[in-house]
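[1] 3D, please:
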Amino acid sequence: KDKNNDKNRSNSVLISQKKNFANKHGFHYRSSAQFYFVINKSESINTSLILFNYFQIKNQNQVAICVTLRDSKGKFVDRRHLSFGKQNIIVVNDGFWGLEKHTGSVEVEYFSLKNLVIPYAAVIGVYETVSGISYIHTYSRCYSKHEIETGFTVMESCESNWTIRDSSSIESFTILHNGYLKAEEQIIKIKIISEKGRILEKDHLLKSLNPFEIVEIIPQKIFENLPEWLNNEQANCSIEFKINGAFTRTLVGNRTKNNTDMQVTHSNFAYNHHETDFVDTEKGFMPYPKFNVKEGQINIYPDMPSGKYFFGYDYSDEKFTKFSSGQYISHKINHNQNFNISLGKVDSYLPSRIPIGFSGKSLNASNDIIPFEISLGICSSARPKKRFWWGPLGNKQTKNSLVIGLLNDIYGDYLDQDLILRIYNDQNDEYKEKIYSANELIAENFRIEIPKEDLENIENFGMYTVFSQYPGFFVYSLTENEKGSIAIEHGF
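    Numbers count the residues shown, from 1 in each chain. Below you'll find the model as predicted:
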């Protein structure tokens, strides 16, 4: 037995979706996030963090805010103490810090005298380049000391669900955030599985990490001739590593080598490494609503609990397609939009967590625009009813829409419940409210195009909230720039 391999292998953890659904995160008077923060004005690269006054709007819980700027080595650069005051959105960007060029991270911390319940701060990151725009919600965060003391942490992990699109002009990358404690030198393990089932694996030496240091992993710099090996195939990449004092979720993405375009999302646990609980049901569901995109794909990532699975679509008369864990499946969507996906495990209860992803391009996008990708998970009967949603919006220089899927297989048919939409701006605490009737929603196939006049008070970015008595909506927001690049995010 190789003791060095044991030393560098991360421990498996039970990830309980039941505990997550029940909001059993313990007491939290601090809710936080860490984001990759890159600025290069000469190359028109900007990062914006949209801080939302969610806790006040939803639970009448006022927060104080601390934002900290660090460089890539984790060294402190600047810190600001904020309050929402007479606004519900604060945007942290290049102008906020007065930066021309920077690569590092920003930590956002919300503090309250009352239990915030949710330890993840209500923040959306936006990455803009010459051609691209991309959203990502809070992914990494530093743990509070009491969490580490009680052991409710994940600091050793195998993170997966990272679609790589490497070519002569595109490189994939991921950003790891270390926590507030030093991490020792280690061997990380990187594995690539292509659509055709081909596999590349490699161990890679990662030096010790300073507190708050970020690490950029670029597979093309580790695997020689990766674009030639892929030969225009997509693939899934997973990475096994340890950090210290922070949650292991990473930012993953693809960008052009000339930095003109970039698309990101977040990783997810590899559930052939970690464990999850099971739901007493045959299958789960996820709606694929009327995105109105081209080159649409449903990506079923390979690293799920071991076994055989099946999936299908309610627009098709074909029987379910069977597949095994370990396969990376990229199902191409042609002309069909607005349908439900079903997925289950053969001769077994359903794992409570089966991550999948959607990707695609705007109908207006040129061939060289990188597709968006959004990381999701199959929903089941264990999921609580959800009536309130929030998420990001762009300004009137962009095209914005809300696209809504229906989980009617779980919650029953949608009847005649109204939908209340509120649009919050980044200038004051006012909002615009619109009420959509069932007839209006059905007539538009549950796609709401946001008129530009409703965005006129948004200088940089805004937020929406949606409320309906129907508990089975699943809301997405799409922001499209003038180049045809789409930033997409699911609601919360």
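
[2] Near residue 197, how many other residues are there?
    10 (other C-beta atoms under 10 Å). The way it works is simple: take the backbone N, C-alpha and C, and place the C-beta from them, glycine included.

[3] right, and the secondary structure at it would be what?
    Secondary structure, DSSP: H, G, I helix; E, B strand; the rest coil: residue 197 is coil.

[4] what residues are up against it?
    Residues counted as contacts of residue 197 (C-beta atoms under 8 Å, 6 or more residues apart in numbering) are 327, 328.

[5] From residue 236, how far out is it?
    With distances defined as C-beta to C-beta, to the nearest Å, the gap from residue 197 to residue 236 amounts to 11 Å.

[6] And residue 470, by the same measure?
    Using C-beta to C-beta, we find residue 470 at a distance of 34 Å from residue 236.

[7] Same check on residue 310?
    Relative to residue 236, residue 310 is positioned 20 Å away (criterion: C-beta to C-beta).

[8] elements contacting the helix or strand hosting residue 463?
    Counting by DSSP states H and E, the element that carries residue 463 is strand 462-468. Based on contacts counted as 3 or more C-beta pairs under 8 Å, 6 or more residues apart in numbering; DSSP states H and E, the elements that strand 462-468 packs against are strand 46-52, strand 388-393, strand 419-424, strand 473-480.

[9] Repeat the analysis, applying 10 Å as the threshold.
    Other elements packing on strand 462-468 under the criterion 3 or more C-beta pairs under 10 Å, 6 or more residues apart in numbering; DSSP states H and E are strand 46-52, helix 54-59, strand 89-92, strand 388-393, strand 399-406, strand 419-424, strand 431-436, strand 473-480.

[10] Format the CA atom coordinates belonging to the last one as CSV.
    What it means is strand 473-480. Taking Å, rounded to 0.1, in the frame of the first residue of the first chain, the C-alpha atoms of strand 473-480 are listed here in CSV:
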residue,chain,number,x,y,z
PHE,A,473,-41.7,27.1,-10.8
PHE,A,474,-38.0,27.0,-11.6
VAL,A,475,-36.8,30.4,-12.6
TYR,A,476,-33.8,31.4,-14.7
SER,A,477,-32.5,34.8,-15.7
LEU,A,478,-30.7,35.5,-19.0
THR,A,479,-28.8,38.6,-19.8
GLU,A,480,-27.5,38.9,-23.4
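
[11] so what strands line up beside the helix or strand just after it?
    If you walk from strand 473-480 toward the C-terminus, the next helix or strand you reach (DSSP H and E) is strand 486-490. Strand 486-490 sits in its sheet next to strand 473-480 (antiparallel), going by DSSP bridges.

[12] Show me what the mean pLDDT comes to for the strand holding residue 463.
    In this model, strand 462-468 has a mean pLDDT of 98.

[13] now swap in stretch 243-251 and tell me
    Model confidence over stretch 243-251 averages 97 on the pLDDT scale.

[14] list the buried ones in the strand holding residue 463?
    By 16 or more other C-beta atoms under 10 Å, the buried positions in strand 462-468 come out as 462, 463, 464, 465, 466, 467, 468.

[15] and those residues as a markdown table, adding distance to residue 384?
    Output for the buried residues of strand 462-468, formatted as a markdown table (distance: C-beta to C-beta, whole Å):
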| residue | distance to residue 384 |
| --- | --- |
| 462 | 27 |
| 463 | 22 |
| 464 | 21 |
| 465 | 18 |
| 466 | 16 |
| 467 | 16 |
| 468 | 15 |
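
[16] Between these, which sits nearest residue 326?
    Of all those, the one sitting nearest residue 326 is residue 466; the distance, using C-beta to C-beta, is 37.5 Å.

[17] correct me, but that closest one touches residue 393?
    No. Applying C-beta atoms under 10 Å, one finds residue 466 not in contact with residue 393, separated by 11.6 Å.

[18] so what sits against both of the two?
    Common contacts of residue 466 and residue 393, defined by C-beta atoms under 10 Å, 6 or more residues apart in numbering, comprise 402, 477.

[19] Just the pLDDT for residue 64.
    We have a pLDDT of 97 for residue 64.

[20] scratch that, residue 148 is what I was asking about
    Reading off the model, residue 148 has pLDDT 86.

[21] What pairs with the strand holding residue 463, parallel or antiparallel?
    strand 388-393 (antiparallel), strand 419-424 (antiparallel).

[22] Now name the helix or strand holding the closest residue to residue 314 other than its chain neighbours.
    In space, and not counting its chain neighbours, residue 314 is closest to residue 340: 4.7 Å by C-beta to C-beta, 6 or more residues apart in numbering. Residue 340 belongs to strand 339-345 when assigned by DSSP H and E.

[23] ok, residues contacting the very next helix or strand once past that strand?
    Proceeding N to C from strand 339-345, the next assigned helix or strand is strand 350-351, under DSSP H and E. Contacts with strand 350-351, where a contact means C-beta under 10 Å, 6+ apart, come from 17, 271, 275-284, 304-305, 307, 309, 325, 343-345, 378, 380-382.

[24] mind redoing it with 8 Å?
    Outside of strand 350-351, the residues that reach it under the criterion C-beta under 8 Å, 6+ apart are 271, 276-279, 281-284, 304-305, 344-345, 378, 380.

[25] now swap in stretch 454-462 and tell me
    Outside stretch 454-462, the residues within contact range by C-beta under 8 Å, 6+ apart are 48, 50, 89, 91, 93, 124, 126, 392-396, 400, 423-428, 430, 432, 434.

[26] ok so, going back, mind checking which of the contacts of strand 350-351 are buried?
    When burial is judged by neighbour count using 16+ other C-beta under 10 Å, the buried members of the contacts of strand 350-351 are 271, 276, 278, 279, 283, 284, 304, 305, 344, 345, 378, 380.

[27] hey, where'd the strands end up in the stretch 151-300 of the chain?
    Assigned by DSSP state E, counting those that start in this stretch, the strands in the stretch 151-300 of the chain fall at 156-164, 170-177, 186-194, 199-206, 214-217, 235-242, 251-256, 262-266, 268-269, 275-276, 278-279, 283-288, 293-300.

[28] nearest to residue 135, of those strands?
    When the strands of the stretch 151-300 of the chain are compared for distance to residue 135 using C-beta to C-beta, the nearest one is strand 262-266, at 8.3 Å.

[29] any idea of the mean pLDDT in that closest one?
    Strand 262-266 shows a mean pLDDT of 98.

[30] Next, count neighbours for residue 326.
    Counted with other C-beta under 10 Å, the burial measure for residue 326 works out to 14 neighbours.

[31] what bits of the protein have low per-residue confidence?
    Scanning the chain with the threshold set as pLDDT under 70 gives 1-10, 12-25, 315-319, 335-336.

[32] just to revisit the earlier point, which residues sit against the strand holding residue 340?
    Counting by C-beta under 8 Å, 6+ apart, the neighbours of strand 339-345 from elsewhere in the structure are 282-288, 298, 300, 305, 307-315, 320, 350-351, 354, 356, 378, 405-409.

[33] Buried only: go through those for me.
    Neighbour-count burial (16+ other C-beta under 10 Å) applied to those gives 283-288, 298, 300, 305, 309-313, 320, 350-351, 354, 356, 378, 405-407, 409.

[34] Leaving out the residues flanking it, which one is nearest to residue 177?
    The spatial neighbour of residue 177 that comes closest, neighbours along the chain excluded (C-beta to C-beta, 6+ apart), is residue 140 at 4.2 Å.
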